[in-house]
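Visitor: 3D model of this:
(one chain, ligands or ions: 3)
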Amino acid sequence: MYASAHSKKITLLPVPFDWGAGRRGAKDGPEAILRTGLERKLRLLRHEVETAPALPEFKPLSSADARAAPHALKHLDAVADMNEALALQVSALVGQRRFPIILGGDHSIAIGTIAGLSAHYKQLGVLWFDAHSDLNTADTSPSGNLHGMSLAVSLGLGHDRLVKLLGRCPKVLPEHIVIVGARDLDEGEKQLIRQLGIRCFTMQDIDRYGIGKVLEEAARQLQGTDGVHVSFDIDSVDPNEAPGTGTPVPGGMSYREAHYAMELLQESGMVTSAELVEVNPSLEPGQRTSRLASGLLLSLLGETIL
Ligand SMILES: NC(=[NH2+])NCCC[C@H](N)C(=O)O
Ligand SMILES: [Mn+2]
Ligand SMILES: [Mn+2]
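Guide: Ligands and ions are numbered 1, 2, ... in the order given. Next up, the predicted model:
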């Protein structure tokens, strides 16, 4: 086997957290992904790999937070506390010149990941693979679930406790965000995308241009950045391939489209961190979704077919 062009010092960081989602179970995602042998397989690609101790479990403490009234910010305290701890860890890893791969957990963990990254990358680019755009605010969210708001928070829109993590706000600029795979957007999210001019490649764009062309455009959009974070929500892939996830939406990326996107990003050499979220092992009998998640990370880090 050939050594991949650039061997990296990778830290796998498990984040067993699911209070940002409407249903429980994504907290077992990291363990399921790690069980596929991800660490060992990354080593076969000639990377130096360590698995960090999992982030401690943050649970709702106050009864108000646990009750999670509808149309509020559900479990705000737990989400804020977890993300603060996560942001500090991610920032420390980047400071040590390590390549962080954060294993979720629901997508609210992107708040902490991006906060930690933005402490080092002043022009951070974010490639957001998702059926959704997670651009809701308290005013537009149909659910109150914070995993549907994490990208908005990173743009500086949301509760003070979340947008001001580690000080800098916003963490990322609208022109440095590219969404890929969208097919279920709430009305307020559509408005925000238009208003801020966020680059959003829907499933129709993937149908029309092909995933290769879409990734080419995405890379062009992120040219002015000093680091690129791949935030991969497994529900961007079609539920036939990724059934083990909490908010599945039909009509997603195919197995090959998802892998090809990762392969192209590997070739581009532009990616500086990644996270894989929303794998919920309780929602499928087998290991299909966690295997897919693991395989996509391997493609992103240099695994090739031949
Ligand atoms: N990370 C996710 N899976 N997010 C799903 C969000 C669904 C919906 N848009 C909401 O705000 O509740
Ligand atoms: Mn998401
Ligand atoms: Mn999603």
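Visitor: wait, doesn't Ala131 sit right on Met253?
Guide: No: applying CB atoms under 8 Å, one finds Ala131 not in contact with Met253, separated by 9.0 Å. Quick note: C-beta positions are derived from backbone N, CA and C, even for glycine.
Visitor: overlap of the contact sets of the two?
Guide: Gly181, Ser236 (CB atoms under 8 Å, 6 or more residues apart in numbering).
Visitor: more neighbours, these two?
Guide: Ala131 (28 against 23; other CB atoms under 10 Å).
Visitor: ok, now which ones touch the residue in the stretch 201-306 of the chain that ligand 1 sits nearest to?
Guide: Taking CB to the nearest ligand atom, ligand 1 has its nearest neighbour within the stretch 201-306 of the chain at Thr247, 4.3 Å off. By CB under 8 Å, 6+ apart, Thr247 lies in contact with Ala21, Gly22, Ala131, His132, Asp184, Asp235, Glu278.
Visitor: where's it relative to Ser236, distance?
Guide: 11 Å (CB to CB, to the nearest Å).
Visitor: what touches both of those two?
Guide: With CB under 8 Å, 6+ apart, Thr247 and Ser236 have common neighbours Ala131.
Visitor: mind jotting down where the helices sit in the stretch 101-250 of the chain?
Guide: Secondary structure of the stretch 101-250 of the chain (DSSP state H, counting those that start in this stretch): helices located at 110-118, 150-154, 160-163, 187-196, 203-209, 211-221.
Visitor: nearest to ligand 1 within this structure, name that residue for me.
Guide: Gly148 (2.3 Å).
Visitor: what's across from the residue positioned nearest the centre of the chain in the sheet?
Guide: For the chain, Ser231 is the residue whose C-alpha lies nearest the centre (CA atoms, centre = their mean; 2.8 Å). On the basis of DSSP bridges, Ser231 takes part in beta bridges with Trp128, Glu275.
Visitor: test my guess that it contacts His132.
Guide: No: counting by CB under 8 Å, His132 is not a contact partner of Ser231; they are 11.7 Å apart.
Visitor: so which bits of the stretch 151-300 of the chain are right by ligand 2?
Guide: Asp233 (CB under 5 Å from the ion).
Visitor: tell me which residue in the stretch 151-300 of the chain sits closest to ligand 2.
Guide: Asp233 (3.6 Å; CB to the ion).
Visitor: which pLDDT value goes with that residue?
Guide: We have a pLDDT of 99 for Asp233.
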